[in-house]
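Colleague: The sequence and its predicted three-dimensional model are supplied below.
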Amino acid sequence: MRSKAIWLMVSALLFVGLLAAQCPPPATPAPTKVPEATKAPEATKAPEPTKAPEPTKPPAGPTGQLIIGTTDKVTVLDPADSYDFHTWEVHHNTGDTLLVYKAGTTDLIPGLAEAMPTISADGLEYTFKLRPGLKFLDGTPCDANAVKWSVDRVMKLEGDPNWLVTSFVKEVVVVDPLTVKFVLLDKVPYFPLLVATQPYTPISAKSYSADKFDPDNTSGGVGPYKITKWSRDVEMVLEYNPAYYGTPPKTAKIIIKYFKDATTMRLAVEKGEIDIAWKTLLPTDYVDLKKNDKLSVIEGPGAYIRYLCFNCKTAPFDNPKVRQAISLCVDRDNICTKVFLGTHTPLYSMVPMGMWSHTDSFPKRDLAKAKQLLTEAGYSESKKLVMDLWWTPTHYGDTEADVAALLKSALEETGMIQVTLQNTEWATYKEYMKAGSMPVFLLGWYPDYLDPDNYTSPFAESGASDDMGIFYSNKAMDDLLVKGRSEAELRGAARKKVYEDLQTLWTTEVPTCPLFQGALLVVTQKGVSGVMLDPSMFLHYYTLYK
């Protein structure tokens, strides 16, 4: 085949050549003006060889360090069991939830979820889509399965904060690897607020035990910081997490120094040994340090309240008249003036001032009315109500002894009550609460979620109040609490009326007696910036810098 094709090509070329030879030349045309010679174009310069692109530099990470001082303590670092302000603050900075609060506000925004949830028509199902590519520090994915495992674990282990899940969630369903659905027991208009609380923090099944609490586990979740060192009650070191999905923190390293008392911490901030003095200095310290031109005292809104609790199963505090009488004895103004030097405000409701639906429901101090109620309950100056009043010495700061002493004085002013002060450290205090062995005791409340339900149902709902050592049960109160949760409009007029009625009922039932509300105060060196205080009560480490 190949030789035949060559022969045909040669024959064709010969034929074309013969035709060209037989054709006459064309007629010569009239001469035309010879065009000017076209200037030869300059030789095109050969392009320079393309340089290989410089390797893209990763964006510069955060730098520097800040030292924060506190008199608070870490209890347990396991989100399934931790239930105190400072430990939750550590969780807040080392493990995001599906939804988070925008720092400095009460606005919820997507965190580990890429958007706000979709809600079923009946309000019983909330579906979240997670951001792709999230990973825990141990390299395992933070996906829908991790969310389900973590929340199921909270429900199974029944730690201190489990009620924030078990009271509302029926089950957690994995729809697909990046989609998780919460099926609720009842319609709850504030469920997105719950999802932003620490028991909903996803953690790794590879790093945490499925069957028991890990109180000293520093693995955390997916957050702007990771814990790299921790010596209990001495120091904690947090370094920024380069794999964090969000905006990197302003400062690379945060060191938390734990102080035994406010006096030692004040000296440290005055000497410049710490950059920030956080919770808690003495009221006199804030007054004095405002005069120091090297320091700044920053004040922000607080949703922190203090109150007196009654074990409503223990006589004589199972009698509402006795509880009412004690509530009429307390001298809130005296405590706020003498102990807190005006940095705290008297509180006349369990719903804090500034929160939607708050009313000043409790009456002012009235010793005459208190004596009348005590008489009706069978007491007199010769037959006194003898009682123990419990307080804890370090958990709420160095002022707690003074608060307890002034309460004792106020009650004994009736001449019909005799008070013995008792105290123990926080770990034992919590055990006594659960056991119901403290008849009257002081507590404080930092919000779990920013809604009046959070300031009422834990203390007055049947069953829930047992966890607080109050053991209170009343159908009328339960009905109002359930109604408050079932109203569809989160900030609607009908729901507001429910909480106003509830606050009125509280003044005659008195499972707890509100005392005062505190502001947020933080002292910093002059060069420190980025302090953003808000009702979440957390210090956002990731916004701080100098």
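Modeller: Received the coordinates, thanks. These numbers were taken from a predicted model, which means no experiment stands behind them.

Colleague: From one end of stretch 539-546 to the other, what's the distance?
Modeller: Using Cα to Cα, to the nearest Å, the end-to-end distance of stretch 539-546 comes to 15 Å.

Colleague: In the longest strand seen in the chain, which residues are buried?
Modeller: Within the chain, and with DSSP state E defining each element, the longest strand by residue count is strand 295-310. For strand 295-310, a neighbour-count test (16 or more other Cβ atoms under 10 Å) marks 295-297, 302-310 as buried. In short, each C-beta sits where N, CA and C put it, glycine included.

Colleague: Output those in a markdown table, with distance to D451 appended to each entry.
Modeller: Compiled in a markdown table, these are given as follows (distance: Cβ to Cβ, whole Å):
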| residue | distance to D451 |
| --- | --- |
| L295 | 35 |
| S296 | 32 |
| V297 | 30 |
| G302 | 16 |
| A303 | 11 |
| Y304 | 16 |
| I305 | 14 |
| R306 | 19 |
| Y307 | 17 |
| L308 | 23 |
| C309 | 21 |
| F310 | 24 |
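
Colleague: and which of the residues you listed is nearest to G221?
Modeller: A303 (24.0 Å; Cβ to Cβ).

Colleague: picking up where we left off before, parallel or antiparallel, list what pairs with the longest strand of the chain.
Modeller: strand 440-445 (antiparallel), strand 512-525 (antiparallel) (DSSP bridges).

Colleague: will you turn these into a markdown table that also has mean pLDDT and mean neighbour count?
Modeller: As requested, the strands paired with strand 295-310 are exported to a markdown table (pLDDT from 0 to 100; neighbours: other Cβ atoms under 10 Å):
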| stretch | mean pLDDT | mean neighbour count |
| --- | --- | --- |
| strand 440-445 | 97 | 22 |
| strand 512-525 | 96 | 23 |
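
Colleague: Nearest to K369, out of these?
Modeller: Across the strands paired with strand 295-310, closest to K369 is strand 512-525 (Cβ to Cβ), at 14.2 Å.

Colleague: distance between that closest one and the chain's centre?
Modeller: 17 Å (Cα atoms, centre = their mean, to the nearest Å).

Colleague: Likewise for stretch 490-499?
Modeller: Using Cα atoms, centre = their mean, the offset of stretch 490-499 from its chain centre is 25 Å.

Colleague: And for T414, the neighbour number?
Modeller: When counting by other Cβ atoms under 10 Å, one arrives at 20 neighbours for T414.

Colleague: actually E425, not the one I wrote
Modeller: Other residues near E425 number 12, with proximity taken as other Cβ under 10 Å.

Colleague: Can you read off the pLDDT for it?
Modeller: E425 carries a pLDDT score of 96 in this model.

Colleague: Got the phi and psi for it?
Modeller: Torsion angles at E425 (phi, psi; degrees, to the nearest 10) stand at phi -70, psi 160.

Colleague: Could you pick out the one among the buried residues of strand 295-310 with the lowest pLDDT?
Modeller: Ranking these by pLDDT, G302 lands last with 86.

Colleague: Now do the contacts for that residue.
Modeller: 517-520, 535, 537 (Cβ atoms under 8 Å, 6 or more residues apart in numbering).

Colleague: Hmm, Y240 and G246 touching each other?
Modeller: No. When contacts are counted by Cβ atoms under 8 Å, G246 is not listed as touching Y240 (11.2 Å).
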